[in-house]
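**Student:** Quick one, fold the following:
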Amino acid sequence: GWTYERLLGVVQPGTSGRFTQTFWAKYSGETKASTQYAVVAEGDVVFHGRYFNLAEDWSAYEQKSRAELTSMAAVFIPVFGGVIILLLILLAEWAYSSHSDGRYRDEYTVRSFFVPRVAGRPLAEALAGVLAHPLVWLVELGALALMASIIWTGLSAHLAPEKAMPTFLLSLLGAAIMPLVYFILAWAYNEWMEKMPLRFMAGMFIWGIMAAVLALVLNTWQVQALAPLLGRDTMVVAIVTVALIAPLIEELVKGAGLLALRGHHEFADALHGLHLGFAVGLGFSLVENWFYLASKTDPFQNGLTVWVGLGVYRSVVNAVAHGCFSAALGASLGWAKSQKWGRFALLAFLPGLVMAVVLHSLFNLTAIADSFRVLSADFPSFGFNPLMTLALLVVVAILSAGAASDFRRRKAAGRGAQISRLAQERL
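**Tutor:** Residues are numbered from 1 along each chain as shown. Below is the predicted model of the structure:
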């Protein structure tokens with residue numbers, strides 16, 4: 001069908017007139033394009049009109065954008081890649097030199113990292129230790145390889161190789177660097193407070209990567225199943241599938257890893273839960289942001305400035321948000337376990353899940369509200385989503401303060417009991 005542009009003006013019978021119309025064109029991925037227009041005049045009896053075509057040649061734009069993307073890749077891929085490798089080396093060295101007090105003799109050594117001892121330990125603890133084993137990490141990272149294959153297939157289908165490869169690598173490194181920075185900051189806080197071995201937070205980070213791939217499959221299925229039932233109203237479809245159902249699916253999958261790990265004695269309190277849950281969310285955000293930047297946006301159609309802006313925003317903000325969602329669930333599980341409720345501590349998963357899903361739903365609703373501003377702007381601008389992220393940080397800060405206070409209190413009580421036992425032995 002035809003789309004009405006505007007009324008040009010009125011010409012009286014027997015006269016002539018000159019009118020100016022500005023046409024806006026947007027790059028759609030095609031080097032050559034043509035759009036048909038029509039000028040229609042309404043007479044006393046009949047309509048008079050004439051068709052004309054406007055040809056679009058985007059070759060100069062493509063060449064300029066390709067040169068800019070190549071230059072950006074030549075600078076940022078080595079820089080980002082080098083920074084990530086350096087951070088990983090420093091983190092590994094730090095973890096190797098750190099000494100964690102285990103419950104069992106020689107529990108945290110290089111040997112036990114690859115060949116954990118399970119004899120004499122509860123079944124729940126032995127199973128939880130599986131998530132901290134490097135062989136399991138390799139299996140879980142296979143999901144990341146699958147995601148990479150999906151992303152590359154999508155990119156190569158509509159972009160030439162000289163465009164697809166820089167987009168692939170830049171989106172990956174851009175999505176990875178901030179979650180890694182946040183992870184190291186969380187690990188530093190953990191070292192200062194509790195000195196939980198790195199293998200557990202790393203295991204949860206990698207589980208978050210696995211969870212993101214599983215959630216993508218489940219979310220794709222639920223959107224395809226529900227969209228025909230919800231009708232053609234895109235707002236209704238977005239609210240139901242993105243703001244209601246997707247948070248439930250994603251927090252359930254992320255929470256499954258926390259639920260499995262809670263059987264280990266290192267997952268002992270709310271502070272442990274906050275750290276482990278935050279790590280899960282960071283791993284999840286890495287994959288989600290990579291998929292979004294590489295598959296849902298196009299640096300050529302959106303423009304490199306908008307594409308980079310979206311990448312920076314999602315890497316900085318969405319990583320924190322996902323970490324906060326699952327941190328709330330982890331804190332609930334850890335707090336219940338510290339109360340010595342036995343098997344009833346598992347019931348804390350439900351209120352923790354509700355809290356995570358509600359926070360996630362509110363975040364997605366603000367993202368939907370901001371998306372209308374982004375689509376209508378030359379450069380992405382966000383308002384509601386950053387405010388929601390600040391609110392999430394306040395919630396997690398309050399939970400963290402309470403968890404740290406509880407940890408110090410129990411630690412002091414434990415020292416007091418130990419001193420009392422030593423005094424009794426001497427007497």
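**Student:** and residue 187, how many neighbours?
**Tutor:** Residues near residue 187, counting by other Cβ atoms under 10 Å, number 21. C-beta: built from backbone N, CA, C; applies to glycine.
**Student:** Give me the distance between stretch 266-274 and the centre of its chain.
**Tutor:** 23 Å (Cα atoms, centre = their mean, to the nearest Å).
**Student:** Quote the end-to-end distance of that stretch.
**Tutor:** 13 Å (Cα to Cα, to the nearest Å).
**Student:** Helix or strand: which one has the most centrally placed residue in the chain?
**Tutor:** With distances taken as Cα atoms, centre = their mean, the residue of the chain nearest its centroid is residue 285 (2.0 Å). Using DSSP states H and E, the element containing residue 285 is helix 270-291.
**Student:** and that helix, what does it pack onto?
**Tutor:** helix 134-158, helix 161-193, helix 198-230, helix 246-261, helix 319-338, helix 384-426 (3 or more Cβ pairs under 8 Å, 6 or more residues apart in numbering; DSSP states H and E).
**Student:** let's see it at 10 Å
**Tutor:** Where contact means 3 or more Cβ pairs under 10 Å, 6 or more residues apart in numbering; DSSP states H and E, helix 270-291 is packed against helix 134-158, helix 161-193, helix 198-230, helix 246-261, helix 304-313, helix 319-338, helix 349-375, helix 384-426.
**Student:** For the ones you listed, give me JSON lines that also has mean pLDDT and distance to residue 121.
**Tutor:** Below are these laid out as JSON lines (pLDDT from 0 to 100; distance: least, Cβ to Cβ, whole Å):
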{"stretch": "helix 134-158", "mean pLDDT": "91", "distance to residue 121": "17"}
{"stretch": "helix 161-193", "mean pLDDT": "91", "distance to residue 121": "23"}
{"stretch": "helix 198-230", "mean pLDDT": "90", "distance to residue 121": "15"}
{"stretch": "helix 246-261", "mean pLDDT": "95", "distance to residue 121": "14"}
{"stretch": "helix 304-313", "mean pLDDT": "87", "distance to residue 121": "44"}
{"stretch": "helix 319-338", "mean pLDDT": "94", "distance to residue 121": "17"}
{"stretch": "helix 349-375", "mean pLDDT": "86", "distance to residue 121": "23"}
{"stretch": "helix 384-426", "mean pLDDT": "76", "distance to residue 121": "21"}
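**Student:** Go through those and name the closest to residue 75.
**Tutor:** helix 161-193 (10.3 Å; Cβ to Cβ).
**Student:** just checking, what packs against the closest one?
**Tutor:** helix 59-97, helix 134-158, helix 198-230, helix 270-291, helix 304-313, helix 319-338, helix 384-426.
**Student:** I'd like the ones you listed written out as CSV, with distance to residue 369 added.
**Tutor:** Below are the helices and strands packed on helix 161-193 laid out as CSV (distance: least, Cβ to Cβ, whole Å):
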stretch, distance to residue 369
helix 59-97, 30
helix 134-158, 27
helix 198-230, 19
helix 270-291, 19
helix 304-313, 15
helix 319-338, 15
helix 384-426, 5
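**Student:** between those, which gets nearest to residue 169?
**Tutor:** Comparing the helices and strands packed on helix 161-193 by Cβ to Cβ, helix 59-97 comes nearest, at 5.3 Å.
**Student:** Give me the buried positions along the closest one.
**Tutor:** 62, 65-66, 69, 73, 76-77, 80, 84, 91, 95 (16 or more other Cβ atoms under 10 Å).
**Student:** Please report phi then psi for residue 122.
**Tutor:** phi -60, psi 150 (degrees, to the nearest 10).
**Student:** what's the answer for residue 40, then?
**Tutor:** Residue torsions, per degrees, to the nearest 10, at residue 40 are phi -120, psi 130.
**Student:** Do you know the pLDDT at it?
**Tutor:** Here, the pLDDT recorded for residue 40 equals 86.
**Student:** got a list of contacts for stretch 84-95?
**Tutor:** Stretch 84-95 is touched from outside by 108, 113, 172-173, 176-177, 180-181, 183-184, 187-188, 191, 197-199, 201-202, with contacts defined as Cβ atoms under 10 Å, 6 or more residues apart in numbering.
**Student:** are any of these buried, and which?
**Tutor:** Members of these classed as buried by 16+ other Cβ under 10 Å are 108, 172-173, 176-177, 180-181, 183, 187, 197-199, 201-202.
**Student:** between the residues you listed, which is closest to residue 340?
**Tutor:** Distances from residue 340 to the buried ones among the contacts of stretch 84-95, taken by Cβ to Cβ, are shortest for residue 197, at 23.1 Å.
**Student:** residues contacting the closest residue to residue 388 other than its chain neighbours?
**Tutor:** Closest residue in space to residue 388, ignoring its immediate chain neighbours: residue 366 at 4.4 Å, by Cβ to Cβ, 6 or more residues apart in numbering. By Cβ under 10 Å, 6+ apart, the contact set of residue 366 is 243, 321, 382-389, 391.
**Student:** Going by neighbour count, which of these comes out on top?
**Tutor:** Highest count within those by other Cβ under 10 Å belongs to residue 385, 24 neighbours.
**Student:** Could you double-check that it sits in contact with residue 310?
**Tutor:** No - between residue 385 and residue 310 there is no contact under Cβ atoms under 10 Å: 11.8 Å.
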